[in-house]
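1. generate a structure from the sequence data that follows.
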Amino acid sequence: MINDVRLREAVTLPPDVRLEALLHLSEEGLNPDDRAQLALALVDLIAEPALSAKQRMALGEALGQLGDPRLQTPKEDGYWVRVHLDDDRQLDVGRYPVTTAEWLAFVESDRYNDAALWDAAGIAWRDGDRPSWRSLAAAPDSAHLIIPNQPAVGVSWYEAMAYARAHGSRLLEYDERVLLMRGTEKRPYPWGQPFGQGNANTREEVLGKPSAVGVFFRDQTPEGIFDLAGNVGEWTADVVGELRVIHPGSWEQPSMAAWAKALHIISPAARAADLGFRLARGVVEG
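-> As a prediction, this is how the structure comes out:
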């Protein structure tokens, strides 16, 4: 039950006006119960097609401050989406890219230094003379990237692999990601075609940073896997000599980088403000 009169009134307003009212309330000193109700009211707005990219960014940031009720951990069933690829494989895939909140919990735990989670090359990289993720994240110019419900960025391939192992999972293979995005309809983008405006957080939206996961509501597959075309690029499990394959679609890249078959090949040691990762598990031949 919503106790705050302003919140009760706000949720009855048309979408654009409602969002502005809810964002204003997010800056007020609501009690914990009403803060939770406010977060749920913001979540309800995510599916509203009339919202602009900037409004979606603001909505996501407010959710990040309130505590985003959509977020779960890999230990919870709701974290995963079961998909059936058109080559007869079944696969559990993270609904969203790994978030900053998830990643921080790992980095700040003893598990980050657990040698069992790293291969020899990863340990050599981890223990080398370089700034840590935490020191890079603490820099003032990184603050806009380190928001709990945004995708974790600046994570190397070695770190992404260690995180996946810590949760009994792995990274998506590149071909799995293509099949996932395209589906049986052979879609160029998760929503189909054309690319259009406002469908994904790419350079064309001029937001200049990642958004909260899942707020670009059309950037999802029919099964409900979000942010495959834009927001952040993603490491894959694929190895090409000394390099690794990524899908490059992100807030910093143009729409040409967003289509299902786009790829770049980069160093596993690379860190980038528009590059994250997603978990997968449980392939069953069927």
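2. verify the stated contact: residue 48 with residue 14.
-> No. In this structure, residue 48 is not within contact of residue 14 by CB atoms under 8 Å, at 9.8 Å. Yep, even glycine has a C-beta here, placed from its N, CA and C like the rest.
3. who's more crowded, the two?
-> Using other CB atoms under 10 Å, the more surrounded residue of residue 48 and residue 14 is residue 48, with 16 against 9.
4. per-residue confidence at the more buried one?
-> We have a pLDDT of 94 for residue 48.
5. before we move on, what about residue 1?
-> Reported pLDDT for residue 1: 51.
6. what's the answer for residue 31, then?
-> 87.
7. would you mind measuring from it to residue 61?
-> 21 Å (CB to CB, to the nearest Å).
8. check residue 205 too.
-> From residue 205 to residue 61 the distance is 15 Å (CB to CB).
9. check residue 16 too.
-> The value you get for residue 16 to residue 61, if CB to CB is used, is 17 Å.
10. out of these two, which sits in the more crowded spot?
-> residue 61 (20 against 14).
11. what about that one, which helix or strand?
-> helix 53-66 (DSSP states H and E).
12. buried residues of that helix, list them for me.
-> 53, 55, 56, 57, 58, 59, 60, 61, 62, 63, 64, 66 (16 or more other CB atoms under 10 Å).
13. TSV for those residues, including distance to residue 41 and pLDDT?
-> Below are the buried residues of helix 53-66 laid out as TSV (distance: CB to CB, whole Å; pLDDT from 0 to 100):
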residue	distance to residue 41	pLDDT
53	20	96
55	14	96
56	15	97
57	17	97
58	14	96
59	10	97
60	14	97
61	15	96
62	10	96
63	10	97
64	15	95
66	10	94
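14. which member of the residues you listed is positioned nearest residue 188?
-> Distance to residue 188, by CB to CB, is smallest for residue 53 among those, at 20.2 Å.
15. by contact count, what packs against whichever strand or helix holds residue 43?
-> Take DSSP H and E as the rule and residue 43 turns out to sit in helix 32-45. On a contact count with 3 or more CB pairs under 8 Å, 6 or more residues apart in numbering; DSSP states H and E, helix 32-45 meets helix 5-10, helix 15-26, helix 53-66.
16. by how many degrees do that helix and helix 15-26 diverge?
-> 150 degrees (axes from the mean of the first three to the mean of the last three CA atoms, to 10 degrees).
17. chain center to helix 32-45, what's the gap?
-> Helix 32-45 sits 21 Å away from the centroid of its parent chain (CA atoms, centre = their mean, to the nearest Å).
18. also stretch 49-69?
-> 14 Å.
19. name the surrounding residues that touch stretch 76-96.
-> The contact list for stretch 76-96 (CB atoms under 8 Å, 6 or more residues apart in numbering) reads 71-74, 151, 172, 176, 179-180, 183-184, 213-214, 221, 223-227, 278-286.
20. for stretch 224-231, that is, sorry about that
-> With CB under 8 Å, 6+ apart, stretch 224-231 has contacts from 81, 83, 93-97, 151, 177, 180-181, 189-190, 199-202, 205, 210-211, 213-214, 216, 219-221, 247, 249-251, 258-260.
21. among those residues, which are in strands?
-> In strands, defined here by DSSP state E, the members of the contacts of stretch 224-231 are 81, 83, 93, 94, 247.
22. min pLDDT across the residues you listed, which one?
-> The model is least sure about residue 83 among the ones in strands among the contacts of stretch 224-231, giving it 94.
23. residue ranges with poor pLDDT in the stretch 101-250 of the chain?
-> For the stretch 101-250 of the chain, no stretch is flagged by pLDDT under 70.
24. where along it do the strands fall?
-> Counting by DSSP state E, counting those that start in this stretch, the stretch 101-250 of the chain has strands at residues 170-171, 233-240, 243-247.
25. figure out which of the ones you listed is closest to residue 131.
-> strand 233-240 (19.3 Å).
26. what residues sit buried inside the closest one?
-> In strand 233-240, counting by 16+ other CB under 10 Å, buried: 233, 234, 235, 236, 237, 238.
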